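Q: Requesting a structural model of the entry that follows:
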Amino acid sequence: MANADSVESIRDQITQLAREIEQSSRTDAPIDTFFAELLRRLVTALGAPAGAVWLMDAQRHLRMITEIGLADIGYLDDPQSDVHNRQLLGNAIGEGQTVLISPDNASVPLPTEHMLVMGAVEHSGRCVGIVEIFQRPGTSEQARAGFLQFVEQMCAHAGRFLDRKTTQKTSPTEAQGEQANQFVLQLLRSLDEKEVAATAVNDGRMLVGSDRLSIAVTYGSRVQVIAISGQETVNLRANLVQRMSDLAKSVVKMAEPVSSDQTFEQLPPQIVDPLTEFMHESGSRFAAVLPLFPPAALVQPDDTSNDRSRRQAAHNTFG
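A: Numbering: from 1, shown residues only. Sure, this is the predicted structure:
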C-alpha cells in the first residue's frame with residue numbers, strides 16, 4: 001500500500017509540474033527566464049542529474065542559454081564532451097524530432113556516460129532549439145518511452161511560447177494555408193505506407209497544434225498503431241501503444257469521432273473503458289480519436305440507386 005501511495009504521489013507531482021510548464025508558456029516571461037524554469041521543472045519531474053537548453057542565435061549557431069548539473073556529471077571537465085555533444089545536437093536539430101540516445105546503442109561518442117533525451121523546440125514550423133536531458137542509463141523500455149513522451153509534450157509548450165513571443169508578418173489564415181499546402185506536398189512525395197504515415201504524424205502534429213499525433217490502421221480484424229510523432233519506430237508491446245490500439249479499434253467499429261471531454265453519458269458504453277484506460281496510461285489531459293474513411297468518389301452517379309452502397313462505404317473505416 002505504501003508503494004502504491006508513493007507512485008501516486010510521484011505521478012501527482014509530475015502532473016503538477018507539467019501544468020506549471022503549460023501555464024508559464026502562456027506568460028510574457030523573458031525567453032531566458034522561461035527556459036530556465038522549464039529546465040528546472042523537467043529535471044525535477046524526470047529525476048535527472050543534469051540538463052541544458054540550446055537555442056539558435058541570429059547566425060543560426062546553437063547557444064546554451066541555461067543548464068543544470070553539467071559540472072556534477074563531469075561534462076565541463078573534458079573539452080571533448082562539448083565536441084561530441086555539439087555533433088549530437090546538430091543531428092537532433094536536423095531531424096527536428098525528440099530522440100533518445102543510450103550508451104548501448106549510440107553510433108557516435110556521447111559526451112558523458114549518461115543517456116540523452118533531446119527534445120526539439122519548434123518555432124514557426126522550424127526546429128530552433130534543443131532541450132537536452134542527461135538521464136541515468138539502465139532504465140526500462142517503458143520508462144524510456146515515458147521520458148520521450150513527457151519531454152516532447154513539454155517542448156511543444158516551449159514552441160508555443162516562442163510563437164506567442166513573435167508577431168507573425170502574415171495573417172493567421174495565410175500562414176495556415178501555406179502550412180497546409182506544404183503538408184500535402186510532403187505527403188505526396190512517397191507511396192510507402194510507413195513513410196507517408198511518419199510524415200502525416202510529424203508534420204500533421206504541427207499543423208493541428210497537438211503535443212502528439214498517431215495513426216492506426218486496420219489489417220483485417222486487427223487495428224495496429226503504425227506511426228507516432230517523434231518516434232522512429234513503434235514498440236507494439238508498450239503499454240501505451242496497446243491501450244492506444246484498443247481505443248482505436250473501438251473507434252473504428254463505431255465509425256464516430258471520440259474525445260475525452262465528452263461525459264460518460266455522451267459516450268457509447270464500448271468506448272468508456274478503452275478511453276479511460278488510455279487517458280490513465282498516457283497521462284494526457286485531452287485526447288481526440290477520429291476514424292479514417294475512404295475518399296469519396298470524384299464523380300457521383302446521377303441516380304440514387306447506389307445510396308445504400310455509399311452509406312456502407314462511409315462506414316468502411318480503415319484506421
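
Q: looking at it, T317 is touching L290, isn't it?
A: No: T317 lies out of contact with L290 (CB atoms under 8 Å); the separation is 9.9 Å. Using the backbone N, CA and C atoms, a C-beta is placed for each residue, glycine as well.

Q: quick one, which of these two is more surrounded?
A: Higher neighbour count among T317 and L290: T317, with 20 against 12, using other CB atoms under 10 Å.

Q: Can you tell me the element H280 falls in?
A: helix 269-282 (DSSP states H and E).

Q: Can you tell me what sits against stretch 266-286?
A: Outside of stretch 266-286, the residues within contact range by CB atoms under 8 Å, 6 or more residues apart in numbering are 11, 14-15, 18, 149-150, 211-212, 239-240, 243-244, 246-247, 249-251, 253-254, 256, 258-261, 264, 287.

Q: Out of those residues, name the ones that lie in strands.
A: Secondary structure from DSSP state E places 258-259 of the contacts of stretch 266-286 in strands.

Q: Any of the contacts of stretch 266-286 buried? List them.
A: 14, 18, 149-150, 211-212, 240, 243-244, 246-247, 249-251, 254, 258, 260, 287 (16 or more other CB atoms under 10 Å).

Q: how about the strands of the chain, start to end?
A: 50-56, 62-68, 99-101, 115-123, 126-135, 214-219, 222-228, 258-259, 288-289.

Q: list the helices and strands the fifth one packs on?
A: Same thing as strand 126-135. helix 31-46, strand 50-56, helix 79-95, strand 115-123, helix 141-165 (3 or more CB pairs under 8 Å, 6 or more residues apart in numbering; DSSP states H and E).

Q: again, only using 6 Å
A: strand 50-56, helix 79-95, strand 115-123 (3 or more CB pairs under 6 Å, 6 or more residues apart in numbering; DSSP states H and E).

Q: So what touches it?
A: Residues from elsewhere that reach strand 126-135 (CB atoms under 6 Å, 6 or more residues apart in numbering): 48, 50-56, 73, 89, 92-93, 96, 114-115, 117-121, 155.

Q: Would you write a PyMOL line that selects the buried entries of those?
A: Only the buried entries of the contacts of strand 126-135 go into this PyMOL selection, using 16+ other CB under 10 Å:
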select buried, resi 48+50+51+52+53+54+55+56+73+89+92+93+96+114+115+117+118+119+120+121+155
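
Q: Would you quantify the distance from P30 to E67?
A: Using CB to CB, to the nearest Å, one gets 17 Å for the distance from P30 to E67.

Q: More neighbours: the two, which one.
A: E67 (19 against 10).

Q: Surely that one touches A52?
A: Yes: using CB atoms under 6 Å, E67 makes contact with A52 at a distance of 4.1 Å.

Q: What is the neighbour count of T199?
A: Residues near T199, counting by other CB under 10 Å: 17.

Q: On the pLDDT front, check it for me.
A: Model confidence at T199, expressed as pLDDT, equals 81.

Q: lowest-pLDDT helix or strand in this structure?
A: Using mean pLDDT, DSSP states H and E, helix 307-314 stands out as the lowest-scoring helix or strand of the chain, at a mean of 46.

Q: Please report how far T139 lies from V117.
A: 10 Å.

Q: and what of D104?
A: Computed as CB to CB, the D104 to V117 distance reads 15 Å.

Q: Please name the nearest non-neighbouring residue to the most centrally placed residue in the chain.
A: The chain has R212 as the residue nearest its centroid, 3.6 Å off, counting by CA atoms, centre = their mean. Leaving aside its sequence neighbours, R212 sits nearest to S229 (CB to CB, 6 or more residues apart in numbering; 5.5 Å).

Q: got it, and H157?
A: That would be S25: by CB to CB, 6+ apart, it lies 4.1 Å from H157.

Q: and the one you found, how many neighbours?
A: 20.

Q: give me the low-pLDDT residue ranges for the protein?
A: 1-10, 167-179, 263-265, 295-315, 319 (pLDDT under 70).

Q: coming back round to it: make TSV out of the strands of the chain and add distance to E281.
A: TSV is the format used below for these (distance: least, CB to CB, whole Å):
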stretch	distance to E281
strand 50-56	26
strand 62-68	29
strand 99-101	19
strand 115-123	20
strand 126-135	21
strand 214-219	13
strand 222-228	13
strand 258-259	16
strand 288-289	14
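
Q: Of the ones you listed, which is nearest L185?
A: strand 126-135 (16.3 Å; CB to CB).

Q: what comes up buried for that closest one?
A: So, applying 16+ other CB under 10 Å, buried residues of strand 126-135: 127-135.

Q: And stretch 181-189, by the same measure?
A: For stretch 181-189, the neighbour count (16+ other CB under 10 Å) marks 183, 186 as buried.
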